[in-house]
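[1] For reference, the sequence and a predicted model appear below.
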Amino acid sequence: MVNATRHSVNVRQNLPGTAVGVAFRPHRRRPPGAYAAAVDERQILVVEDDEAIGRGLSQALATQGYTVRWAPTAAVALRDATEAAPDLVLLDLGLPDLDGVELCRRLRAVSPGTTIVMLTARGAEIDVVVGLDAGADDYVTKPFRLAELLARVRAHLRRAEPAGRAGRLVVGSLELDIASHRMSVGGREVDLRPKEFDLLALLMAEAGRVVGRERIMAEVWDEHWFGSTKTLDMHISTLRKKLVDAGDVPNRLSTIRGVGYRLEPL
């Protein structure tokens, strides 16, 4: 385990000032076609006030082919996200000008389709729950391994749907459209975060059958996932609440202890 403030990349460059963000472009190590695809489709915003961590993460991500912007303050992060919605935000919760949880809420409002991963030194479960309720999709606790964080980023940025999944799924009053990324309960549209959508799509495709925790983590998060699966439980809890609030039956999602989850075709 390495401290999150130190990385193997060079992180001791001088800041040009905290009023603007800093852009990091990928190193040109890929064929032109692959390089262009990575730049065009993978935009990451790193929100971190610590210079060493911010620059280190940004440069490490850039070497993976992503286009990265580093925002040292909440104000810069909101400006950047408003100007061009990123695919993913790495959000430190300890910011100087605004609480990270509140920034998460505002980022979710201006960029509802963006995946938000919290970087937090707060290990208490209540802090994680508050962050997820504020709109975050996942969290990584400091100190963390850079390899683990990069694996999380790759998992969240996967675009392809699992093979065999239909374009439109209907289970009882639930209707999910993969192409338009819309989900509704009895015709009432429900706003789902990216991982909630993917999780529900998998469970609806397997309606009436138990889906194991390992399979869910592999298909919805990443086949090489090696972090805690608590994030799955929290996403299930949030998904249950959203479905019930939209008018669905209370017992749609069943927990099969020690195995996984089942979506009931009620």
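    Everything's here; your move.

[2] for stretch 230-241, what is the average pLDDT?
    Mean pLDDT, stretch 230-241: 92.

[3] Tell me which residues are up against that stretch.
    125, 128-129, 132-133, 138-139, 192, 195-196, 199-200, 213, 216-217, 220-221, 252-253, 255, 261 (C-beta atoms under 8 Å, 6 or more residues apart in numbering). Any C-beta I mention is one placed from the backbone N, CA and C, and that applies to glycine too.

[4] next one: stretch 183-197
    112-113, 115, 135, 137-138, 156, 173-177, 181-182, 200, 220-221, 235, 238-239, 242-243, 246-248.

[5] Mind checking which of the residues you listed are in strands?
    115, 138, 174-177, 182 (DSSP state E).

[6] Give me the buried subset of the residues you listed.
    Using 16 or more other C-beta atoms under 10 Å as the burial test, the ones in strands among the contacts of stretch 183-197 include 115, 138, 174-176 as buried.

[7] Greatest separation within those residues: which pair is it?
    Spatially, the most separated pair among these is 138 and 175, at 26.3 Å (C-beta to C-beta).

[8] gap between residue 194 and residue 256?
    25 Å (C-beta to C-beta, to the nearest Å).

[9] what is the closest residue to residue 84 other than its chain neighbours paired to in the beta sheet?
    Closest residue to residue 84 apart from its sequence neighbours, by C-beta to C-beta, 6 or more residues apart in numbering: residue 43 at 6.9 Å. With DSSP bridges applied, residue 43 shows beta-bridge pairing to residue 67.

[10] For residue 258, what is the enclosing helix or strand?
    Per DSSP states H and E, residue 258 falls between elements, in no helix or strand.

[11] Neighbours of it, how many?
    Other residues near residue 258 come to 7 when the count uses other C-beta atoms under 10 Å.

[12] same check, this time on the one 5 residues further on
    Burial of residue 263 is recorded as 25 neighbouring residues (other C-beta under 10 Å).

[13] Residue 95 versus that one, what's the distance?
    Residue 263 is 38 Å from residue 95, by C-beta to C-beta.

[14] And residue 246, by the same measure?
    Residue 246 is 33 Å from residue 95, by C-beta to C-beta.

[15] ditto for residue 231
    22 Å.

[16] Residue 239 now?
    29 Å.

[17] again with residue 266
    Look at residue 266 and residue 95: by C-beta to C-beta, they are 44 Å apart.

[18] Comparing these two, which residue is more hemmed in?
    Taking other C-beta under 10 Å, residue 266 and residue 95 do not tie; residue 95 has more neighbours (20 against 14).
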